[in-house]
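>>> Provide a 3D model corresponding to the input given below.
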Amino acid sequence: MKKSLVCAVMSVALMLLFTMPGTAETADKAAPAPGKPEIIYITDFEIDVGDVSQQTGILQRPKRVREDPASKAARLVELLSISLVSDLQNKSIPAKRLYRGQSLPDRGWLVTGEFLEVDEGNSLRRAAVGFGAGATDMLVQVAVIDLSKGSKDPFVTFGTDSRSGRGPGAVVFPNPYVAAAKFVLSKRASESDIRKTARQIANVLAKYIEEGGA
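Residues are numbered from 1 along each chain as shown. As a prediction, this is how the structure comes out:
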């Protein structure tokens, strides 16, 4: 008799536990936060090259031979990658540059992205280096991929805004979580401006890691 009573009490207690209001709902709504990465790999961000209609452009230096748009684009992209690796390392976050063509590691995070600009139709498209090739400002979009998942799709992006339309050349990511951050860089940006943007990106990534993806 006592054994039956104990079993009945336990059954009622278990039923109450699993039917408490909000328990299942909270579990369903909670998004899994990625764990702290062992290492972050940085790949060069994507940018297009446009025709130059004026003798001005990004990374302009006084009293130097003018660079062609392709060289300017390459230097901008490389400087951003190098600076971002250095800034993450200064925050005690292991980081390494991953060159295009190298095999993807099977662990860590991969940070990549592209330079975007707003076209006349208010859509985002891949930014083109070269004054007169579109807007004078660029948005820097950052995408973060968890290599341990074996997928090339990012789990979070930074730097995008509320525009949903994408023009030719822009990468459309498959609905990742978009974090509130915006990085704007002028096409006439100095090297100091590019390093500043790299620091901003590193700060956002460090905060995201520290807060566990919150």
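>>> rest of the way, CA atoms for contacts and neighbours
Fine.
>>> for the protein, give me the ranges with low pLDDT.
Across the chain, residues meeting the criterion (pLDDT under 70) sit at 1-34, 50-67, 120-122, 130-135, 160-180, 213-214.
>>> ranges for the helices of it?
When secondary structure is read from DSSP state H, the chain shows helices at 2-18, 23-29, 69-90, 191-210.
>>> can you get me a residue count around residue 101?
Here the neighbour count serves as a burial measure; for residue 101 (other C-alpha atoms under 10 Å) it reads 6.
>>> so who does the residue lying closest to residue 105 once chain neighbours are set aside touch?
Counting by C-alpha to C-alpha, 6 or more residues apart in numbering, the nearest residue to residue 105 once its immediate chain neighbours are dropped is residue 147, at 6.9 Å. With C-alpha atoms under 8 Å, 6 or more residues apart in numbering as the criterion, the residues that contact residue 147 are 104, 105, 106, 107, 108, 109, 110.
>>> residue 104 versus residue 147, what's the distance?
8 Å (C-alpha to C-alpha, to the nearest Å).
>>> so how far is residue 192 from the nearest residue to residue 137 once chain neighbours are set aside?
Distance criterion C-alpha to C-alpha, 6+ apart; nearest residue to residue 137, sequence neighbours excluded, is residue 186 at 4.3 Å. Noted for residue 186: a distance of 12 Å to residue 192, by C-alpha to C-alpha.
>>> show me what contacts residue 114?
45, 46, 47, 126, 140, 141, 142, 170.
>>> likewise residue 143?
Counting by C-alpha under 8 Å, 6+ apart, residue 143 makes contact with 111, 112, 113, 154, 155, 156, 157, 158.
>>> what sits opposite the closest residue to residue 46 other than its chain neighbours in the beta ladder?
Once its chain neighbours are removed from consideration, residue 46 has its nearest residue in residue 114; the separation is 4.3 Å (C-alpha to C-alpha, 6+ apart). When bridges are called by DSSP bridges, residue 114 pairs up with residue 46, residue 141.
>>> what about dumping the CA coordinates of stretch 118-128 to PDB?
Included here for stretch 118-128 are C-alpha records, laid out as PDB according to Å, rounded to 0.1, in the frame of the first residue of the first chain:
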ATOM      1  CA  VAL A 118      23.700  51.100 -52.100                       C
ATOM      2  CA  ASP A 119      22.600  51.400 -55.800                       C
ATOM      3  CA  GLU A 120      20.100  53.700 -57.300                       C
ATOM      4  CA  GLY A 121      17.300  51.200 -56.600                       C
ATOM      5  CA  ASN A 122      18.200  51.300 -52.900                       C
ATOM      6  CA  SER A 123      19.500  47.700 -53.000                       C
ATOM      7  CA  LEU A 124      22.800  46.500 -51.800                       C
ATOM      8  CA  ARG A 125      25.400  45.400 -54.400                       C
ATOM      9  CA  ARG A 126      29.100  44.600 -54.300                       C
ATOM     10  CA  ALA A 127      31.100  47.800 -54.000                       C
ATOM     11  CA  ALA A 128      33.400  48.700 -56.900                       C
END
